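**Q** Show me the folded form of this:
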Amino acid sequence: MSAPAKVLLVEDQFELRDLLCDVLQDMGMEVRTADDGNAALRILEEWPCDVLFSDIHMPGGVDGLALAATLLERHPEARVILASGHPRYQLAPLPAGTRFLQKPFRLGQFTDLIREALPA
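**A** Residues are numbered from 1 along each chain as shown. The predicted model follows:
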């Protein structure tokens, strides 16, 4: 049996973060959560994830784009899904290979993107 996929979930809205964490755990994944980019960077120092799901706009000075770039520099094999309430055309370019999820989204859209991002 293989180890569960490791997902870092970064979301500043705690209700959404808790809901998505529960969904990921129900899918059999090992999940760590952070409420901002700085907390996520501290987690990544000790716990490289397979998949990063992050809001783009967060408090604290480290947004989802910077977080994704840092992760991909250290672990180019990682998969990244970024979410925002802003349409994609209003955002800075996403790192290569990054998936985008427009908020608000349905849980089915979230779980589909997570499954697609999982290592084979």
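**Q** Tell me the bridge partners for the residue positioned nearest the centre of the chain.
**A** The residue lying closest to the centre of the chain (Cα atoms, centre = their mean) is Phe53, at 1.0 Å. With DSSP bridges applied, Phe53 shows beta-bridge pairing to Leu9, Ile81.
**Q** Against Gln102, how distant is it?
**A** Distance of Phe53 to Gln102, given as Cβ to Cβ, to the nearest Å: 14 Å. All C-beta atoms are positioned from the backbone trio N, CA, C, and that covers glycine.
**Q** Please enumerate the shared neighbours of those two.
**A** Ala83 (Cβ atoms under 8 Å, 6 or more residues apart in numbering).
**Q** thinking again about what came up before, who's in contact with the residue nearest to the centre of the chain?
**A** 7-11, 20, 81-83, 110, 114.
**Q** Output the below-cut-off pLDDT ranges for this structure.
**A** For the chain, residues meeting the criterion pLDDT under 70 lie at 1, 120.
**Q** Residues contacting the helix ranked longest in it from elsewhere in the structure, which ones?
**A** Determined from DSSP state H, the single longest helix within the chain is helix 14-26. If you take Cβ under 8 Å, 6+ apart as the criterion, helix 14-26 is touched by 7, 9, 11, 31, 33, 35, 53, 107, 110-111, 114.
**Q** Got a quick ChimeraX command for the buried subset of those residues?
**A** Here is the ChimeraX command that picks out the buried ones among those, judged by 16 or more other Cβ atoms under 10 Å:
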select :7,9,11,31,33,35,53,110,114
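**Q** Which two of the contacts of helix 14-26 have the greatest separation?
**A** The widest separation within these, taken as Cβ to Cβ, falls between Asp35 and Thr111 and amounts to 21.8 Å.
**Q** Pretty sure Thr111 sits against Gly28.
**A** No - the pair Thr111 and Gly28 does not pass the contact test of Cβ atoms under 8 Å, sitting 11.8 Å apart.
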